[in-house]
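Asks: Quick one: sequence plus predicted model below, questions after.
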Amino acid sequence: MNVRKLNSCWPEKKKFPLTKKGKKQIEYSAEKLKNKKINLIFASDLLRTRQTTEIVGRALGLDIKFDKRLREVNVGIFNGKPVKEIGEVWNQGKKLSSIKHYSKRFELAPPGGETYKEIEKRVFSFLKEADKKYKNKNILIVSHARPITLLEKVVYSYDIKKFVKIILEKKEIKTGELRKLWH
């Protein structure tokens, strides 16, 4: 959970470690993973996912493979700035509905950032490569809410409307939450 309500992507301008609550959530999730026969852990290389996978890796006795394709959304010039600025500044003060804003993100990137389409492409390329290289292995992916939601969108063939509904209804993956991804 982003307790400071600041955008944080790469390069990490500010370090946002896991909170005590976040660490407890991960420790709880790591315990639930012990019976899941996980073979490999892949993770984003940002601080909070590194900390998450260190906890999980210790609990499962597994090493971690970091992959840049699992990183947080690149918000460009909004990195390190309040989350609300993306909507206020990038939309040039225009009041856009949330549906319109999130739909727009598939084609337009903030200056210096990336579109949702580009994120889909990078996280899905990771998944295809991992699936090909590690057939029949149980792989744990530790990433960030929006990239995981975009990966689910591609895997489950969600349209943009369903994707936006997941965001607006706050059904994106939460800190420490486990989800099975079928592909």
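Replies: Structure received. Source: prediction; values computed, not measured. Numbers count the residues shown, from 1 in each chain.
Asks: before we move on, what SS does the residue nearest to F66 when sequence neighbours are not counted have?
Replies: Leaving aside its sequence neighbours, F66 sits nearest to D45 (C-beta to C-beta, 6 or more residues apart in numbering; 4.1 Å). Yep, even glycine has a C-beta here, placed from its N, CA and C like the rest. What DSSP: H, G, I helix; E, B strand; the rest coil gives for D45 is coil.
Asks: so D45 touches R69, yeah?
Replies: No - using C-beta atoms under 8 Å, D45 is not in contact with R69, being 10.1 Å away.
Asks: Centroid-nearest residue for this protein?
Replies: Residue closest to the average C-alpha location in the chain (C-alpha atoms, centre = their mean): H144, at 2.0 Å.
Asks: re earlier: pick out whichever of D45 and R69 has more residues nearby.
Replies: More crowded of D45 and R69, by other C-beta atoms under 10 Å: R69, with 18 against 15.
Asks: ok, which stretches of this structure are strands?
Replies: With DSSP state E, the ranges of strands along the chain come out as 40-43, 64-66, 139-142.
Asks: Output these as JSON lines; include the columns mean pLDDT and distance to L108.
Replies: Output for the strands of the chain, formatted as JSON lines (pLDDT from 0 to 100; distance: least, C-beta to C-beta, whole Å):
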{"stretch": "strand 40-43", "mean pLDDT": "97", "distance to L108": "28"}
{"stretch": "strand 64-66", "mean pLDDT": "97", "distance to L108": "29"}
{"stretch": "strand 139-142", "mean pLDDT": "96", "distance to L108": "27"}
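Asks: ok, back up a step: can you pull the contacts of the residue nearest to the centre of the chain?
Replies: By C-beta atoms under 8 Å, 6 or more residues apart in numbering, the contact set of H144 is S44, L46, T49, L70, R71, E72, V73.
Asks: Next one: it from T49, what distance?
Replies: Distance, H144 to T49, using C-beta to C-beta, to the nearest Å: 7 Å.
Asks: quick one: K137 and F42 touch, right?
Replies: No - look at K137 against F42 with C-beta under 8 Å: they stay out of range, at 10.8 Å.
Asks: between the two, which one's more packed in?
Replies: F42 (20 against 12).
Asks: For that one, give me its contacts.
Replies: I64, K65, F66, D67, L70, F126, A130, I139, L140, I141, V142.
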